[in-house]
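turn this into a model:
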Amino acid sequence: MCLLWSLPAALLHRLLPASVGRPLGQWGISRGFRLFLGAMRLTGALRCDLSALDALRDEHGLVITPNHPSMLDAVLVTSRLPRVVCITKASLWDNLLLGGGVRLAGYVRNDATQRMIRDAAAALREGRQLLIFPEATRSPPGAGPATPAPGPFSRSFAVIAQRAGVPVQTVVIETETPYLCKGWPPLRRPPLPLRCRVRLGPRFLPGERAKELSGAVECSLRAALPGAPRQDVA
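Residues are numbered from 1 along each chain as shown. Next up, the predicted model:
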């Protein structure tokens, strides 16, 4: 599915103006992920509740910060939000399966911090939503099937929110399977069905200091996960 979209998207990226191509690219990725998850549901491989995200669908200028237990997290969130822009690894831009779609959608590369902050803030000022995982990588593996506790947070999302003057919406992803969590071999067969739930956490307004905003978001996400140890954030 990714390849079928990536190839025409790469061509459209060259032909269409950004004002037309980027919304189309964002919608195309969202629709593709939704179809993929729908197929998993039909086969009985997946049982998930993503309905809480629908409340964010029509909002403008919002930084969305979920915890990051597995590689499926971006697929889950983006499938319900057709106007979202993601922070992506620079390597994805040259990936045959994903590169064309990423370029057309106007996603933000993470290989240069200042440029990443500038481009992400610009997308937010245009009314887009920004999906960014504050941990920057998947959460460290936990014990058993429970959702693992978040790892260390980066303050980049807080700096971006302040630069654009937009609020930060926390999102809690709960999973009952270690599939595609950190340390899970990609070819290892998972226990089926996969089960997950997404719910909205508190929303935070951008304050005067990125450190305070980042700390508040981190405390909120840690407290929202059952069994996750609470940590004092300096």
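
in what helix or strand does the nearest residue to residue 55 once chain neighbours are set aside lie?
In space, and not counting its chain neighbours, residue 55 is closest to residue 200: 6.7 Å by Cβ to Cβ, 6 or more residues apart in numbering. Yep, even glycine has a C-beta here, placed from its N, CA and C like the rest. In the assignment (DSSP states H and E), residue 200 maps to strand 194-204.

between the helix or strand that that strand is followed by and strand 194-204, how big is the angle?
The C-terminal neighbour of strand 194-204 among helices and strands, as given by DSSP H and E, is helix 210-224. Counting by axes from the mean of the first three to the mean of the last three Cα atoms, to 10 degrees, helix 210-224 lies at 140 degrees to strand 194-204.

okay, strands next: where are they in this structure?
Using DSSP state E, the strands of the chain run over residues 46-49, 62-66, 84-88, 108-109, 129-131, 168-175, 194-204.

can I get those in CSV with distance to residue 74, mean pLDDT and mean neighbour count?
As requested, these are arranged in CSV below (distance: least, Cβ to Cβ, whole Å; pLDDT from 0 to 100; neighbours: other Cβ atoms under 10 Å):
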stretch, distance to residue 74, mean pLDDT, mean neighbour count
strand 46-49, 14, 94, 16
strand 62-66, 9, 97, 25
strand 84-88, 6, 94, 23
strand 108-109, 13, 94, 20
strand 129-131, 7, 97, 25
strand 168-175, 10, 95, 22
strand 194-204, 12, 95, 17
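
can you list these in a markdown table and add distance to residue 119?
Listed next are those as a markdown table, based on distance: least, Cβ to Cβ, whole Å:
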| stretch | distance to residue 119 |
| --- | --- |
| strand 46-49 | 31 |
| strand 62-66 | 14 |
| strand 84-88 | 9 |
| strand 108-109 | 5 |
| strand 129-131 | 10 |
| strand 168-175 | 18 |
| strand 194-204 | 22 |
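
nearest to residue 223, of those strands?
Among the strands of the chain, the nearest to residue 223 by Cβ to Cβ is strand 194-204 (9.0 Å).
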